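Visitor: Give me coordinates for this.
(one chain, ligands or ions: 2)
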Amino acid sequence: MRTAYTSDQIRAAELALMAKLPEGTLMGRAAAGLAAVCAGLLTGVRGRVYGSHVVLLVGSGDNGGDALYAGARLARRGARVVAVLAGSRVHEGGLAALRAVGGRATDLRVPILEQARELIGDADLVVDGLVGIGGSGALREPYATLAGLTAQASGLVVAVDVPSGVDASTGEVDGAAVRAQATVTFGAYKNGLLIDPGARFAGAVEFVDIGLGPYLPDPDVAAPTDEDVADLLPRPGAESDKYRRGVVGIAAGSDRYTGAAVLAVGGAVRAGAGMVRFVSSAEPVRLVRARWPEAVTTIIADPLGADPIEEVGRVQAWVLGPGLGTGAEAHAVARAVLSAQVPVLVDADGLTLIARDRGLLRRDGPTLITPHAGELSRLLGVPRERIEARRLEHVRRAAAELGVTVLLKGSTTLVAEEDRPVRVNTTGTPWLATGGTGDVLAGIAGALLAGGLSCYDAASGAAYVHGLAARLAVRGDPAGRGDPAGRGDPAGRGDAAGRAEAPIAALDVAQALPEALRAL
Ligand SMILES: NC(=O)C1=CN([C@@H]2O[C@H](COP(=O)(O)OP(=O)(O)OC[C@H]3O[C@@H](n4cnc5c(N)ncnc54)[C@H](O)[C@@H]3O)[C@@H](O)[C@H]2O)[C@@H](O)CC1
Ligand SMILES: [K+]
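Guide: Numbering: from 1, shown residues only. Ligands and ions are numbered 1, 2, ... in the order given. Predicted coordinates for the structure are as follows:
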């Protein structure tokens, strides 16, 4: 599990560790690690550090101090280093160290932005030491303009600890922020490096150990890795039969919307359900049977009757909602499914139904909901843009307010359950933003729930394998190996340039599931 923390958590751990060490030790470790990463990147691009142009953007806090000490180390190796002093104060020790080895600082008599514009344009490397975990709110001037100028840099941009303008605790970006190719982070991951929109600004995240480990509390956020997911996925034993592996019931589709049902069933079949029982009206049943003969189907004879799902046999978990419709009949089916005591995953139209009738969520069994930002917006009565800008806050709020496990889909998929770290998914690809992929995800998670996983594990496991399968489908390479911004990057971004990738249809994701599962 890759763990991440808020600024306050990191700061408390640093204070505890610092109390045991001579002054300056931690900054020394941070700067040495930062300089080593910068030197490696410069060598990769230019063949050597010697003679390279390095510009340090230096704020008034310790983040600027790190940049200055690292700059001094690069200057000692022959880099031409200039510090743009952007703050009203500067870390004096760091500035003295830089000057002592021939580094320069901007002339305070000349407007800072004028100097910076030219320097940034010519630099091989820009080091962003404006603000780190001490930052709060939107960047003020001149930091905001400096952050914007880094977009015009022709050389590398490396952020110190966290890209300036990204809220380290939440990933929120309010106004300008530095967009880095790499972020060198100290002691522990910050939430904002894993969660969008912030994660998009961080580039590849390099971790520098400064000895904080023993002082860190329980994490605020955790990102499962291949090993974690492989461990939690159910594997059939010799004594398994379809019931032990789990029977998932899928109540989805309507005569108007049939595709979602086919996709959800496909996700469940391919993710290893022992059996899929599909329940719907005649037309989706016909199509599901044609595409997935493995599924056992039931046509609901009387949706408005006393128990519309009475005819369905034993089920260990339900998926409710894809393509179900939102009328009276769908409501009746939803009520019947949610009155079961087994885990129920609610998606798509099911979410619209519970947004209108929250009483449906008053039930005995565990509930997992899988909204995207628009659906969550209707559930919480909060504008969609606000949810997208503050994903962590809203996924937590939904879990607390609704008393369910919440998987919030989107550019970074999050899973929240009260009193647990929020899980962030690091697989996936922007190509997943296409119709029907959510239905496949619901099927996968349903299969895992039926296999005995908790809502929390089923949701995070499903998001993970769904993302892997999508990568396999878009580039024939589930692990994203050969893509430096892929698996090596904890944020798990895809190849930003979209190289060697092709669009996918949702069914391709379902079809790629077996291979993704084999790759784990
Ligand atoms: N505390 C420690 O033990 C260590 C801290 N380190 C570094 O220290 C950083 C934290 O240093 P600080 O606590 O001094 O804080 P920062 O340097 O992150 O930022 C604080 C400064 O930025 C200004 N500021 C805050 N928000 C701003 C905004 N929106 N616009 C413009 N200016 C803003 C503040 O007025 C203050 O001067 C870490 O991110 C890391 O880089 C490392 O050296 C490792 C050890
Ligand atoms: K920074």
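Visitor: mind listing what the residue sitting nearest the centre point of the chain touches?
Guide: A centroid search over the chain (Cα atoms, centre = their mean) returns residue 412, at 3.3 Å, as the residue closest to the centre. Residues in contact with residue 412, defined by Cβ atoms under 8 Å, 6 or more residues apart in numbering, are 171, 194, 195, 196, 199, 391, 424, 425, 491. (C-beta placed from N, C-alpha, C; glycine too.)
Visitor: Now for the fifth one, how many residues are close by?
Guide: Summarising burial for residue 199: neighbours were counted as other Cβ atoms under 10 Å, giving 26.
Visitor: Any residues of the stretch 101-250 of the chain in contact with ligand 1? List them.
Guide: When proximity is defined as Cβ under 6 Å from any ligand atom, the stretch 101-250 of the chain approaches ligand 1 at 131-140, 143, 160-161, 186, 210.
Visitor: at 5 Å instead, please
Guide: 131, 132, 133, 134, 135, 136, 137, 139, 140, 143, 161, 186 (Cβ under 5 Å from any ligand atom).
Visitor: Can you flag which of the residues you listed belong to helices?
Guide: residue 143 (DSSP state H).
Visitor: So which of the residues of the stretch 101-250 of the chain next to ligand 1 sit within strands?
Guide: Among those, DSSP state E puts residue 186 in strands.
Visitor: Kindly give a single ChimeraX line that selects the buried subset of the residues of the stretch 101-250 of the chain next to ligand 1.
Guide: Burial among these is assessed by 16 or more other Cβ atoms under 10 Å; the matching ChimeraX selection reads:
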select :131,132,133,135,139,143,161,186
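Visitor: mind checking how far residue 8 is from residue 135?
Guide: Residue 8 sits 13 Å away from residue 135, going by Cβ to Cβ, to the nearest Å.
Visitor: What are the structural domain limits within the chain?
Guide: 2-223, 241-519 (automatic domain parsing).
Visitor: Could you identify which of those domains has the lowest mean pLDDT?
Guide: If those are sorted by mean pLDDT, domain 241-519 sits at the bottom with a mean of 91.
Visitor: Do me a favour and get the end-to-end distance for that one?
Guide: 24 Å (Cα to Cα, to the nearest Å).
Visitor: Same check on stretch 123-138?
Guide: 26 Å.
Visitor: next one: it to chain centre, how far?
Guide: Offset of stretch 123-138 from its chain centre (Cα atoms, centre = their mean, to the nearest Å): 22 Å.
Visitor: which residues does residue 309 contact?
Guide: 249, 251, 279, 298, 300, 333, 336, 337.
Visitor: could the residues you listed be laid out in JSON lines, adding secondary structure and distance to ligand 2?
Guide: Formatted as JSON lines, these follow (DSSP: H, G, I helix; E, B strand; the rest coil; distance: Cβ to the ion, whole Å):
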{"residue": "249", "secondary structure": "strand", "distance to ligand 2": "50"}
{"residue": "251", "secondary structure": "strand", "distance to ligand 2": "49"}
{"residue": "279", "secondary structure": "strand", "distance to ligand 2": "53"}
{"residue": "298", "secondary structure": "strand", "distance to ligand 2": "57"}
{"residue": "300", "secondary structure": "coil", "distance to ligand 2": "57"}
{"residue": "333", "secondary structure": "helix", "distance to ligand 2": "52"}
{"residue": "336", "secondary structure": "helix", "distance to ligand 2": "54"}
{"residue": "337", "secondary structure": "helix", "distance to ligand 2": "49"}
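Visitor: Good, wrapping up.
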